[in-house]
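A.B. asks: need the 3D shape of this:
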Amino acid sequence: MSLANDISVLKRVPMLSTFSEDQLRLLAFSAESMSVPKGRNVFEEGERAEGGLVISEGSVRLETGMGDHAVQHGTFGKGTLLGESALLAEGFRPVRAVAVEDTTLIRIRRALFARMLNEFPEIAVELLRTRAAKFTETTEALQRVATRLDYVERLDTARREENAKRRKSD
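C.D. replies: Numbers count the residues shown, from 1 in each chain. I've put the predicted structure just below:
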């Protein structure tokens, strides 16, 4: 792929939306290109994540499990960043990624991304702001789930108590 195409693809990535044209050019120039044939794994579930991958051409299906127990989590195309968190912190891939068709990706290693943040602190500040907002949204969503689970637990406890009373009276 050409540098211009890579820059165009990187512009589509929400996490990189605050990067200037020159910053995207530097990132694209320093990143690596990776080609994966149709049907081959881009990465394995549980594999150590060294950074993120942006789909430049083609599409990738994310899945967990194996064989009859495989669960598909969606198919993603051009401009999708796989492994956003891996750009910022060490970790492991929570899913397997499989090329649905011949696919080209832009590999951004964590060390490269860290260098970009060091050289351009304004990017780091904006990234911190957006990650904090995302964290707040996630925390609020988890609180809503916790409230629902608490309600379900209370219903379940009441049902068990009612069943126990019925058994005693029989």
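A.B. asks: quick one: mean pLDDT for the helix or strand hosting Val152?
C.D. replies: In the assignment (DSSP states H and E), Val152 maps to helix 121-169. Regarding helix 121-169, the rounded mean pLDDT is 91.
A.B. asks: give me the domain ranges for this protein.
C.D. replies: If you go by automatic domain parsing, the domain ranges for the chain are 3-119, 120-170.
A.B. asks: what's the most buried one of those domains?
C.D. replies: Per-stretch averages of neighbours, counted by mean count of other Cβ atoms under 10 Å, single out domain 3-119 among the domains of the chain, with a mean of 16. Bear in mind the C-beta positions are built from the backbone N, C-alpha and C, glycine included.
A.B. asks: what residues does stretch 62-81 touch?
C.D. replies: 9, 12-16, 45, 52-61, 82, 94-98, 100 (Cβ atoms under 8 Å, 6 or more residues apart in numbering).
A.B. asks: now name the helix or strand holding the spatially closest residue to Glu57 that is not a sequence neighbour.
C.D. replies: Nearest residue to Glu57, sequence neighbours excluded (Cβ to Cβ, 6 or more residues apart in numbering): Thr104, at 4.3 Å. Using DSSP H and E, Thr104 sits in strand 103-109.
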